[in-house]
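K.L.:
take this sequence and fold it.
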Amino acid sequence: MQKQAGESVIGPYKATLPVSQTLISFAKMWWKLKSSYESLPQSEGKAGGTSTSAPWFTHRWPRSTVWLGLTNLVTLAVLGYNLSPIQSRTDFLQKCTESLSTISPAFEAVKYKAPEHYNAEFRQTNKWRGPPGTHSNNVDIAWHEIELGAGGIRVTAEELKLLNMTDSPEMPFHKVPDEHGGGYLAMLEVFHLLHCLNSLRMGLFYNYEHYKFLDEGVPDENIYSHFGEFDISRKPTRATESDDTDHCIDMLRMNLQCQGDVTPALFVDPLNNPKRRDALPNWSSMHTCRDFDAILDWNKDGPRSVRWRDAGSNPSWDPNVEGAEPPFPPEGEKEEHHHS
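P.N.:
This is a model prediction of the structure:
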C-alpha cells in the first residue's frame, strides 16, 4: 500500500501518524520564538575600514529558555511517533485491509488484535483439539460453529459486480428470497476453509472409522454432514471422499500460498536432550491477527446474515425426483440431511 502524504509508518506494528500536523505545529512554535528576536545592523569592518550591514539577531529571551523550548518540541515530536493513538493504528490496518483484500461487506467487522504469540505447543488440547483418537461431541460442535454453523451472508448486485465473478445461464448466482433479505447468497472464505480443515480432521486415520458414516445416526442436527459441491444429502463414497479431500487440500494450499506468511519461525537447541541431533522449531511466533470472533459474530448475527434453511432452494429442484434431496424439516425438528 502506498503511503499517503504526511503519513509515516514506523515498524511493522505502528500506525499512520499525523506527521504533517506535528511539523506544522513545530514550525508555528519556531516562528513565535524567532519573532521574539529583533534585527540590528552590525559593522564588520575594522582595520580595512570596510563596513557591511547584515542582520544580526539579539534575543529578548535567555538562550537557555529558547533551547529548552526547542528541546521540548523535539521530544514531543518523538513521543508522537512512539505513543500514537490506538485509533490511528486501527485506521492504518483498516486501510491496508481494504487495499490488499478483495472487496467484502465484512470489512466493517474486521478488527485487529494486539500482536501475540501463537500457542503452538505440540501436545496441548483446546476447544478444537482433544487427545489423538478421542472423540468429543463438544469438539465437533466447536468445529461446526466456526465453519458451516456460521451460516451464509447476502451480497448486493453492486458488490457482485465488484467481486469480478461471472455466472452462466446454466449456473446463475443464487438469489436469496426477498422475505429473507434478498440479494445473492455467499459464504465468507474463512468459513469454507475451516470447513475444509474440519473435513480433513475427520478423515485422519485415527478418526476415520468414527466419522465415515456421515449420514447415519449422527447427533446434533447432523453437524458432521459434508457440504461438498453444495450437495448436502449425498452419502459419502470412496470416490466422493477422495474428491472432497483433494479439493480441500488444494484450497488450503492456494490460500496459504496466496497469504504467504513470512513471519520467521526460530529454532531452539534442546540442550537437555543429548540424543537429539537437530535444532527444534519454535512455532509460537508473534502475529497480528484479525479478531476472528468479531468476524464470526458479524457473519452469524449481522445485517447480512442468512441461515442455510432460509437461503432458498435451487429453482430447478424437484423433491419428487428419485434421489432428490429432501426439504428442510419444520423449524426446531431433528433433520437427517441438512444444517439448521
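K.L.:
so what touches stretch 246-254?
P.N.:
With contacts defined as Cβ atoms under 8 Å, 6 or more residues apart in numbering, stretch 246-254 is touched by 192-193, 195-197, 199-200, 228. All C-beta atoms are positioned from the backbone trio N, CA, C, and that covers glycine.
K.L.:
and P327, what's its pLDDT?
P.N.:
What the model reports for P327 is a pLDDT of 81.
K.L.:
mind checking which of the contacts of stretch 246-254 are buried?
P.N.:
Burial by neighbour count, 16 or more other Cβ atoms under 10 Å: within the contacts of stretch 246-254 this picks out 192-193, 195-197, 199, 228.
K.L.:
export those residues to JSON lines and tack on distance to D167 and pLDDT?
P.N.:
Shown next, in JSON lines, are the buried ones among the contacts of stretch 246-254 (distance: Cβ to Cβ, whole Å; pLDDT from 0 to 100):
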{"residue": "H192", "distance to D167": "18", "pLDDT": "95"}
{"residue": "L193", "distance to D167": "22", "pLDDT": "96"}
{"residue": "H195", "distance to D167": "22", "pLDDT": "92"}
{"residue": "C196", "distance to D167": "23", "pLDDT": "92"}
{"residue": "L197", "distance to D167": "28", "pLDDT": "93"}
{"residue": "S199", "distance to D167": "26", "pLDDT": "86"}
{"residue": "G228", "distance to D167": "20", "pLDDT": "35"}
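K.L.:
what ranges do the helices span in the protein?
P.N.:
For the chain, the helices defined by DSSP state H occupy 19-35, 63-82, 86-100, 137-145, 157-162, 189-203, 208-211, 219-222, 238-259, 292-301.
K.L.:
least confident of the ones you listed, on average?
P.N.:
helix 219-222 (a mean of 38).
K.L.:
and the protein, what are its domain boundaries?
P.N.:
In terms of domains, the chain is parsed into 1-35+61-100, 101-310 (source: automatic domain parsing).
K.L.:
compute the first-to-last residue distance for the longest one.
P.N.:
Going back to what we said before, that points to domain 101-310. Its start and end residues considered, domain 101-310 measures 29 Å (Cα to Cα, to the nearest Å).
K.L.:
who's in contact with I146?
P.N.:
By Cβ under 8 Å, 6+ apart, I146 lies in contact with 128, 191, 194, 292, 296.
K.L.:
filter these down to the buried ones.
P.N.:
Using 16+ other Cβ under 10 Å, the buried ones in the contacts of I146 are 128, 191, 194, 296.
K.L.:
looking at those residues, which is nearest R307?
P.N.:
In terms of Cβ to Cβ, no member of the buried ones among the contacts of I146 lies closer to R307 than F191, at 13.4 Å.
K.L.:
give me the nearest residue to the closest one, chain neighbours excluded.
P.N.:
A150 (4.7 Å; Cβ to Cβ, 6 or more residues apart in numbering).
K.L.:
I'd assumed V139 was in contact with R129.
P.N.:
Yes. Shown here, R129 and V139 form a contact pair, counting by Cβ atoms under 8 Å, at 7.0 Å.
K.L.:
columns distance to W143 on top of the buried ones among the contacts of stretch 246-254, output as JSON lines?
P.N.:
Compiled in JSON lines, these are given as follows (distance: Cβ to Cβ, whole Å):
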{"residue": "H192", "distance to W143": "14"}
{"residue": "L193", "distance to W143": "13"}
{"residue": "H195", "distance to W143": "9"}
{"residue": "C196", "distance to W143": "11"}
{"residue": "L197", "distance to W143": "8"}
{"residue": "S199", "distance to W143": "10"}
{"residue": "G228", "distance to W143": "16"}
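K.L.:
ok, of those, which one's closest to E158?
P.N.:
H192 (22.9 Å).
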